[in-house]
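Peer 1: what follows is a predicted structure for the sequence shown.
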Amino acid sequence: MSAKETNYIEYIKGKYPQLQMSDIKYNLTDGEHSDIVVINNRYVFKFAKYDWSVGFLDNEAYIIGLAKKHLFMPLPRVEILEKGISKCNYIQGGPLFRNTLLLMDYKVQDTIAEQIGTFLKQLHSISLKDEGDGKISECPAFLSGEDWLSRYEEIQKKVFPYCDSYTKEYINQIFRPLHDDEDFLQYQPVLIHGDLMPYHFLFSNELKRINGIIDFGLSGSGDPAYDVGILIDNFGESFVKRISRYYKEIDSFIERARFYAYVSNVCWAKTVVDMLATRDFSNFRIYAKERDLMPIGSIW
């Protein structure tokens, strides 16, 4: 047991002396902002890794408390124990792998599509003004149109030297809509999850349905297309089209969602180049990536 693991367990024992710990699991690598300790498959303790990530735990507790009043989808009950430490109940389930999803029969796939579509529709419908009391900040993962154009200039400067002519033109085509239409990324802000990766859907192989959705630390106001873009990037456009049966508003912003899906790999490339420049690979990760994505401008 590492010193960090020992410290975490000692803290939990001190806070809950009557808690019998028959099963302890640590996850100190997957969380970008927090270390995780799971006790008896009943309780999840999060410890902020950095001073600047403390706010993500506070934000998660606030957003989930707000969202639980509006969503059918089960969410964890989150309690802030002290600065940088939270506790929530454990929800059974594992990541929703695309390969697993697409191997299921049509009825099961449709059930999952309905769950996700209903979740997004309800989440994006929460009033930022009436329900948020001004406490909902902008999603930190989200960028404005001007921000994306600045990021494009950085990519040209830092990434293009490592690209062949085909890849350069491929990237140029992704950003072309922003140059052709200055209103391309205009949107009405809604409450978004901001990090709808497959491992944040807790899927039950036994029940063949999603048991819950977790990790709302990056949630805030933003473009609803951003959440959908993450889904396209990981589950494919074909499955997201099925989700749109239950969240018809996707039709109105599918172009922006495609942009967010396409640009994710390019941003990852920029992150790698920045690591090369600084020689700091402490946060380097290689991610699994599925692709089923039509060009921007295609018929939906």
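Peer 2: Right, received. Where do you want to start?

Peer 1: and stretch 22-41, how far apart are its ends?
Peer 2: 10 Å (CA to CA, to the nearest Å).

Peer 1: please name the nearest non-neighbouring residue to Trp300.
Peer 2: Among residues not flanking Trp300 along the chain, Ile254 sits closest, at 4.7 Å (CB to CB, 6 or more residues apart in numbering). Bear in mind the C-beta positions are built from the backbone N, C-alpha and C, glycine included.

Peer 1: the one you found reaches Ile296, doesn't it?
Peer 2: No: using CB atoms under 8 Å, Ile254 is not in contact with Ile296, being 9.3 Å away.

Peer 1: higher neighbour count, the two?
Peer 2: Ile254 (23 against 18; other CB atoms under 10 Å).

Peer 1: before we move on, back to that, which SS class is the residue nearest to Trp300?
Peer 2: helix (DSSP: H, G, I helix; E, B strand; the rest coil).

Peer 1: now do the contacts for it.
Peer 2: Ala225, Val228, Ser244, Trp300 (CB atoms under 8 Å, 6 or more residues apart in numbering).

Peer 1: neighbour-wise, which one of these leads?
Peer 2: Most surrounded of those: other CB under 10 Å gives Val228, at 29 neighbours.

Peer 1: tell me how far that residue lies from Ile213.
Peer 2: As judged by CB to CB, to the nearest Å, Val228 and Ile213 stand 15 Å apart.

Peer 1: what do you get for Leu103?
Peer 2: For Leu103, the distance to Ile213 - CB to CB - is 22 Å.

Peer 1: so between these two, which is more surrounded?
Peer 2: Applying other CB under 10 Å to Leu103 and Ile213 shows that Ile213 carries more neighbours, namely 25 against 10.

Peer 1: go ahead and confirm that one touches Leu202.
Peer 2: Yes: with contact defined as CB under 8 Å, Ile213 counts as touching Leu202 (7.1 Å).

Peer 1: so what pLDDT did the residue nearest to Trp300 get?
Peer 2: pLDDT recorded at Ile254 is 97.

Peer 1: with Lys129 instead?
Peer 2: So, for Lys129, pLDDT stands at 80.

Peer 1: how many other residues sit next to it?
Peer 2: Lys129: 8 neighbours (other CB under 10 Å).

Peer 1: likewise the one 10 residues further on?
Peer 2: Summarising burial for Cys139: neighbours were counted as other CB under 10 Å, giving 22.

Peer 1: for the remainder of this discussion, apply numbering that starts at 484.
Peer 2: Got it, the first residue is 484 from now on, which makes the last one we talked about Cys622.

Peer 1: ok, it - contacts?
Peer 2: Contacts of Cys622 by CB under 8 Å, 6+ apart are Ile675, Gly677, Leu701, Ser702, Gly703, Ser704, Gly705, Tyr709.

Peer 1: what do you get if the cut-off is 6 Å, keeping everything else the same?
Peer 2: Ile675, Gly677, Leu701, Gly703, Gly705 (CB atoms under 6 Å, 6 or more residues apart in numbering).

Peer 1: separation between it and Arg634?
Peer 2: 16 Å.

Peer 1: repeat for Arg728
Peer 2: 33 Å.

Peer 1: more neighbours: those two, which one.
Peer 2: The neighbour comparison of Arg728 against Arg634 (other CB under 10 Å) goes to Arg634, with 16 against 12.

Peer 1: any chance of JSON lines for the contacts of Ile737, columns secondary structure?
Peer 2: As requested, the contacts of Ile737 are exported to JSON lines (three-state DSSP):
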{"residue": "Ala708", "secondary structure": "helix"}
{"residue": "Val711", "secondary structure": "helix"}
{"residue": "Ser727", "secondary structure": "coil"}
{"residue": "Trp783", "secondary structure": "coil"}
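
Peer 1: out of those residues, who's nearest Leu511?
Peer 2: Using CB to CB, the shortest approach to Leu511 within those belongs to Val711, at 31.3 Å.
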